[in-house]
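Asks: Generate coordinates for the sequence data below:
(chains A, B and C)
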Amino acid sequence: MDAFRNRVGGFAFGGDYNPEQWDPAVWREDVRLMREAGVNVVSLGVFAWASLEPEPGTYEFGWMDEIMDLLHENGISVNLATPTAAPPVWLTQLHPEVFPVMADGERFGFGNRLHYDPSSPIYREYAAAITTKLAERYSFHPALAMWHISNEYGPTAYNEAASVNFRRWLRRRYGDLETLNEAWTTRFWSQRYTDWDQIEVPHIPRTWMNPSRRLDFKRFTSDALLECYIAERDIVRSFRDDIPVLTNFMRFYKHADYWKWAPEEDAVALDIYPNPADADSHVSAAFQFDLFRSLKGGQPWLLMEQAASAVSQWQLNIVKEPGRMRLGSLQALSRASDSVMFFQWRASRGGQERFHSAMLPHSGPDSRTFREIVDLGRELKLLAPAAGTTSRAEIAVLFDWDGWWGLEETAGIPRSDFGYADTVMRHYTPLWEGHHPVDVVSSASSLEGYKVLVVPNAYLIDDEGVRRITEFARDGGTVIMSFFSGVVDECNRVRPDGYPGAFRELIGAKIDEYWPARPHEVFAVEFADGRRATSTWWRDDLHLETGKALATYADGLLAGRAAVVDNRFGAGRVVYFATLLEEAAFGAELLAAVEAAGVRSPFPGVPAHVECSVRGDEADEYVFLLNHSGERAESVPFPGEGTDLLTGERVSGAVELAPLGAAVIRRARA
Amino acid sequence: MDAFRNRVGGFAFGGDYNPEQWDPAVWREDVRLMREAGVNVVSLGVFAWASLEPEPGTYEFGWMDEIMDLLHENGISVNLATPTAAPPVWLTQLHPEVFPVMADGERFGFGNRLHYDPSSPIYREYAAAITTKLAERYSFHPALAMWHISNEYGPTAYNEAASVNFRRWLRRRYGDLETLNEAWTTRFWSQRYTDWDQIEVPHIPRTWMNPSRRLDFKRFTSDALLECYIAERDIVRSFRDDIPVLTNFMRFYKHADYWKWAPEEDAVALDIYPNPADADSHVSAAFQFDLFRSLKGGQPWLLMEQAASAVSQWQLNIVKEPGRMRLGSLQALSRASDSVMFFQWRASRGGQERFHSAMLPHSGPDSRTFREIVDLGRELKLLAPAAGTTSRAEIAVLFDWDGWWGLEETAGIPRSDFGYADTVMRHYTPLWEGHHPVDVVSSASSLEGYKVLVVPNAYLIDDEGVRRITEFARDGGTVIMSFFSGVVDECNRVRPDGYPGAFRELIGAKIDEYWPARPHEVFAVEFADGRRATSTWWRDDLHLETGKALATYADGLLAGRAAVVDNRFGAGRVVYFATLLEEAAFGAELLAAVEAAGVRSPFPGVPAHVECSVRGDEADEYVFLLNHSGERAESVPFPGEGTDLLTGERVSGAVELAPLGAAVIRRARA
Amino acid sequence: MDAFRNRVGGFAFGGDYNPEQWDPAVWREDVRLMREAGVNVVSLGVFAWASLEPEPGTYEFGWMDEIMDLLHENGISVNLATPTAAPPVWLTQLHPEVFPVMADGERFGFGNRLHYDPSSPIYREYAAAITTKLAERYSFHPALAMWHISNEYGPTAYNEAASVNFRRWLRRRYGDLETLNEAWTTRFWSQRYTDWDQIEVPHIPRTWMNPSRRLDFKRFTSDALLECYIAERDIVRSFRDDIPVLTNFMRFYKHADYWKWAPEEDAVALDIYPNPADADSHVSAAFQFDLFRSLKGGQPWLLMEQAASAVSQWQLNIVKEPGRMRLGSLQALSRASDSVMFFQWRASRGGQERFHSAMLPHSGPDSRTFREIVDLGRELKLLAPAAGTTSRAEIAVLFDWDGWWGLEETAGIPRSDFGYADTVMRHYTPLWEGHHPVDVVSSASSLEGYKVLVVPNAYLIDDEGVRRITEFARDGGTVIMSFFSGVVDECNRVRPDGYPGAFRELIGAKIDEYWPARPHEVFAVEFADGRRATSTWWRDDLHLETGKALATYADGLLAGRAAVVDNRFGAGRVVYFATLLEEAAFGAELLAAVEAAGVRSPFPGVPAHVECSVRGDEADEYVFLLNHSGERAESVPFPGEGTDLLTGERVSGAVELAPLGAAVIRRARA
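Replies: Okay, the predicted model is just below:
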């Protein structure tokens, strides 16, 4: 990736480029305007399979040769995609069994994309063939800077081939049927398997399903897609191994465990489309950016796709108002992105996404959007010194696909409306508002160097994760944990000896029952110092053992019982939330625990809507100050001294930010 | 049709008659009561296939002979139906492939009606056979007055036979695959076709679908049904060509392009079931009536089915309160219907529609409904002079199936909740409230003779339509157009050179982006004269070129920019609404433009709920005054002189209308 | 059943026991804790098929032998289940056609339970085989006290085998096709059948379906399941006929006509899971209990399953708060249950229901739930004298599956949102609040001995039912009937000669039309004595014949017309509600009619939330007083004298009840 950064001279800037949709005359105009905008990278060929291989085994590379040469001549590097996310119609005409069978039992048809069963040997064979041809031809083309494997891996398939692959996967995982039967508790409801061939993917019935089988199917689906990625990656690497290889991920995407994918890539890349209709979408974006920086241990990542303005796939597609695209781009950079890229360069005239905005919109270069793109390209050059730098935090937030699946995909828990992403955001938001740097960790991550670990509703966690968290606390860390954590083992079986089986000692309490609240039920909670707050949605029927009550219920059947627990554990401390506190009280309590753990906000007193983050290297820091308010200007205290790279001016004492204004201040490390 | 009118002696009055459901003893009572009610036409045999052909090739015509004779003896004419809307069970038992495959991929089963794939050659063969037999037997029966081909053509099928027929249709439309690929923009998402057999009907995937393919499928579906109609029509015409042939259409029916169907019929006929639970259903009915009068260029049409009181197919089936059935019937006549007919004559005891009201309800002749029927039959005789007359307007409203499909059936536009029927009604309602005569036109209609053309949200319009509208304005007409018009071409591809590609010159402005509004977002709009109003839902980010602002935004990011545009174009004028104005302000502005175009309401000062319309011939006019209020009596100014046909009294100066009262005044043309 | 009662020494107490989920070591602990709790019966083997027959024809009975012996040694009787509700995976692997096809056309897959088509001959063959093996082995085991056939019969299947069985069922019902065609009104929409093989189960189309066919399909589905039950019952009886045989029913279960099932069982048994989130769930429970007592003519019944606390199958699973499980258990006993049993004994660690509460929860014996179970076991012993007693009422409420299906399952009625269970509860609730004993009857039940018959919205009722109700009134009974009753015959055909065809003479009025109300429409109603009330939802357009108005509409188009009718009929009286009166007025009017019929509440003046019921035998009465309020203590007048079995104390004059408190007072019959 260092070579890639050097090649683009700082930050990558560009977008998906689909020249096969246009006449060659347009290509010349495209390249001219790309240069005007400062574009230095394009993602080429993402859905070009039918243009590259119009009939089975017949290839047309001439147009791509021409484009690659043209781009290279103009100093634009190519992130070359394998086109395998959209098989041509001849493939499904020859082999309809490649079409995925959906959860409702129907077989997908032609006309969308991602219309393949990732377990299909036929699909994999044809995908390998076109990948090989591409790699043969372009591995040493001077424009090639990166390989973009397929696109937004996603489909879940319930085909017969999926069942065959699922059985293979299960054999690897469990070895023998007896172990599988035990793991899946098949003695319940007479579900015991006596022959591997009895096991199929669990597409119908849709609910009331063995929760362990369902969980394994989610794991398998992620792994089956990953197999597809690895197969193509290995092909392109076999030709040349000094070009970075990756694929593009999606935000809060539940169906692929990115912790397992990240090690297989040279960098991780994110496609993100925050909804401009949602006033808080930048907070959720910040979390995604922190996650992506964390997926490969702090290494800079790539913003691979975003929209220049509105998207077209939703029911309501709001534009990004003037200034917001720039602000969102700087926000990605502030959290260690090394690129700002878009879907797509030029707006399509036809097809499903004809109204998706583009760097070059339907209204052409004389448009608000293109002007903002040109301005952004100019600014990115000013920020180039920050490229390749990163950051590290003292606070970690646990975010785990296994836990997500357990909570949302396996029915039969006390309430079915857990939203894992929402609960994680509920824990992350006060930290973001307090300008705290945050890393994201999985249950398999090392916790070394952190002072605080936040564990949101970690229903399902394996023994190793339990051990890591327990040791983290024992060794002096502060664990902030919320209810319904540590309940089941990695097979989705309730841990024995009373709730929460994994963490009873850690939280210093035993839970007799989980008491979900009725709709609209509100509980009064009183803190030790007399402060009152309310809670809703959930209560543990909890009995303190070594823990002490930080807050108790002031009414209801649990009056006087603990609502928030404080447990000294080894050299560390655990703060456990046994109910859903109202947001303000929850945020205050969480931040108090952070402060008690000795973690200070680097930007005290700055209003929440001015996002403050830092990336840097050994020599320098780059302080990003981003005013998300469209109405209010702010004067932000800046104790040190530095230079605003965007303006070139020296900064000291305070920074003035217009509405939607930004500053990126370089300062030497102390 | 003149012969038909002469035969029934004015207006046709009657309903669907299904004697095969009843014993012959009941038939005698039916005919007696029909005579009591003044019935002069019945639609016979609409679902009688199983009774006429109980086994393949075995026919039972005896009962129908008897009924035809009995009706003829009693002076009742027959509108004889081909029974092909409900194939007998033996047909689908022999050929299950006739059952339509539905959009969800499941094959329909027996037990409803319309259970056939219109592209099925087998269905068409059997339908032709029974049609031939019927025509052989009854073409010269003296009771025969009209042919009623099948019933409410409707089903969309996704069968293999449909794919075969779709390919045939596409070959005719495009000639070669390269043209089709270009029209469908198949370079996007790698959808290029290299073999006609690769193309199937687009049933799965359900969303994220090529919008051009989807659009063509809607066109094809309408045409496949029309092929069925034409085949049966040609059979009956081959026996005798002096009997009118038609089929019955439905209100706001999206799946058949009635502009293409109308020329194939001798008259158009409407089945309409306004919901009595909806306080405005008579306004939408008025639009339908105007549409049906317009479909064949002002020729009178037939009200073929309505309910005497409640229907039974909805979740909630409200009765028509006393007087409302009569008022709705007169309303149809006022807008050039030449008939008042019902589904059905006698209420069924069993089957799906056992609680659908009828002219003769379950409670028998001693019932409110039958008494109202008898009264109406008597009144229709008084109105007979008006039969065969029609009307013409100076205002035309564009209503186009292509535009409807583009807006509602092809995903991926800025917002997905466009309702074409609603938007058309939003434009029509102020005209209706102002008692303006209105014609309805398609984009292929001649605009000669009109002073004003109203163009509601015409997203998709072909080049010829664009040319007609542009010339209409250039030649001195006033065009009233609302946002998101002229955006794509007839293939659903965005027109080049900035929005709105088709109408940039016409509206005198370029639109940079479409800005759909957030839910609950309200904008202040200020008119040139200082009046204020609000708008919601949508704003164009519009830049005036030759146009001038009639109104501007008074707040928000577009403050000061044009919200309503006034553009002088050639000898004409264009008023363009770039946002969704609140109803009152929109209506006022629209009516102001109408008035400025020199169009005067013929009934100024009459309250909106008193509907006023005129039909006539060269000699006489028939002025219908209909008070839709159930509470308020009204005195309506009537400047001229005439005779109220309902009362036989002379009218002059003013007409008194009781709640739900009506007057039909004949006056000589000035 | 007497032998069973003697064997358990009063009330049965226990639950489903699934030892195959646990190690033998756990079995010992289970039995020890069962003894501690006073458990005397367990339901064994409910889903044990795969454990008993792990491969086709290979049986493993060793573990069950051991358990049976262990239980017997500890004095615990066994309610032995045939395991046929959950076929092993090898059966569906060998014979996938056993899987039910669902209403949407998809074939069910493995992973849930009830995954069989009850009409499948293959399923029935394998079910018979395992049942035979079980009966062979355990019929004379000393632990055996009862046979539990399968579990919660339920599935509706649309398989080919179901069509074959449906045709067989129809042949038996109708004899010949002409009769069927007549019954189904197949002349409507050309649906006439000419060959039995043309008839299939009506799975697709889903709506707009022949309502008579749909009704017969509901009847058939219930009967097909009943055939499965009878086949297994006959097998176990063939070994030994002195052991009671039954299956477990569900609350308000629409898909099996329990009136037809009950005679085939030695006792009826109920699984009931009142939702603790619903404040009125105990009223609906009371109705269920009355229904179950009535199903076999007053014979005590068995509460077979309830939850010790929360369930896990809902979206939101609220716990039973302390004291409520006990109160609900006593409530069942108060209405003639002879058992208190639970699903299940020990909470599962895995599987769909891992969070379903159990007598022995995840938190073990040191838990609120287990302590409440132990306390309840102790109390049940004190109440033993009441076992086997029952009660009889003077008021009967009609509750009929045919009527339920007619109203909710056959489309095309004036409004589609009838809720039969809700309407029955609306009529039952005032009686419950007035502490009136109530029996439940079907339209085929004898009405001898009743003074009042309540008939809620009995849309569909056969001629025999009409005759019984009419004679009941003629002979002096009071009939309280609500609108839309007696409309169609047993084939779902509208009865001739005006609404309500069955009851026009009975109610003394003819109804011209049914007038469903618009949403939010409210009508003023005035009673003869000047009281005013409101009504909504429905009005009959009713014309009095012999009846008199008890109340009239005070506004609207029906002002002055009858809203409630009072008709003297023979020696009896009919009170007919032609509209949906507001609850308070409806309850008052209904109770006034009850009082006028000479029926007195045995507990006048007791607040509604203190439920009062009596069961007894010739010698003694057991008066149950149950305070459902969790907040308010009550002092309940108790005129007589008796002994509270729970405390052993004498009671006289009044009984003091704490919140959620209960008393069970034995007193000698007067």
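
Asks: C-alpha from now on. contacts and neighbour counts both.
Replies: Fine.

Asks: Just after the lengthiest strand in chain A, pick out the following helix or strand.
Replies: Scanning chain A for the strand with the most residues, using DSSP state E, yields strand A:532-544. Once the chain leaves strand A:532-544, the next helix or strand it forms, by DSSP states H and E, is strand A:548-553.

Asks: Now do the same contact list for the nearest residue to A:Gly350 once chain neighbours are set aside.
Replies: Nearest residue to A:Gly350 in three dimensions, chain neighbours excluded: B:Arg493, at 4.5 Å (CA to CA, 6 or more residues apart in numbering or on different chains). The neighbourhood of B:Arg493, defined by CA atoms under 8 Å, 6 or more residues apart in numbering or on different chains, consists of A:349-351, A:354, B:183, B:185, B:212.

Asks: Switch those residues over to CSV; also include secondary structure, pLDDT and neighbour count.
Replies: Listed next are the contacts of B:Arg493 as CSV, based on DSSP: H, G, I helix; E, B strand; the rest coil; pLDDT from 0 to 100; neighbours: other CA atoms under 10 Å in any protein chain shown:
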residue, secondary structure, pLDDT, neighbour count
A:Arg349, coil, 97, 20
A:Gly350, coil, 97, 26
A:Gly351, coil, 95, 26
A:Arg354, coil, 97, 24
B:Ala183, helix, 98, 18
B:Thr185, coil, 97, 27
B:Ser212, helix, 97, 23
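
Asks: State the pLDDT value of the residue nearest the centre of chain A.
Replies: Most central in chain A under CA atoms, centre = their mean is A:Arg251, positioned 4.2 Å from the mean C-alpha point. pLDDT for A:Arg251: 94.

Asks: I'd say it and A:Asn275 touch.
Replies: No - between A:Arg251 and A:Asn275 there is no contact under CA atoms under 8 Å: 11.8 Å.

Asks: how about the residues of the stretch 101-250 of chain A that lie near chain C?
Replies: Counting by CA under 8 Å from any CA of the partner chain, the stretch 101-250 of chain A comes close to chain C at A:104-105, A:184-194, A:198, A:202-205, A:208-212.

Asks: Any of those buried? List them.
Replies: A:105, A:184-194, A:198, A:202-205, A:208-212 (16 or more other CA atoms under 10 Å in any protein chain shown).

Asks: For the closest residue in space to A:Arg632 that isn't next to it in sequence, give me the pLDDT.
Replies: Spatially, and ignoring its direct neighbours in sequence, A:Arg632 is nearest to A:Pro659 (5.2 Å; CA to CA, 6+ apart). Looking at A:Pro659, its pLDDT is 98.

Asks: A:Pro659 and chain B: what is the separation?
Replies: 13 Å (CA to the nearest CA, to the nearest Å).

Asks: ditto for A:Trp184
Replies: When distance is defined by CA to the nearest CA, A:Trp184 is 33 Å away from chain B.

Asks: Dihedrals phi and psi, that residue?
Replies: Here is the backbone geometry of A:Trp184 (degrees, to the nearest 10): phi -100, psi 0.

Asks: Find the closest residue to chain B in the stretch 151-300 of chain A.
Replies: Closest contact between the stretch 151-300 of chain A and chain B, by CA to the nearest CA, is at A:Ala277 (6.2 Å).
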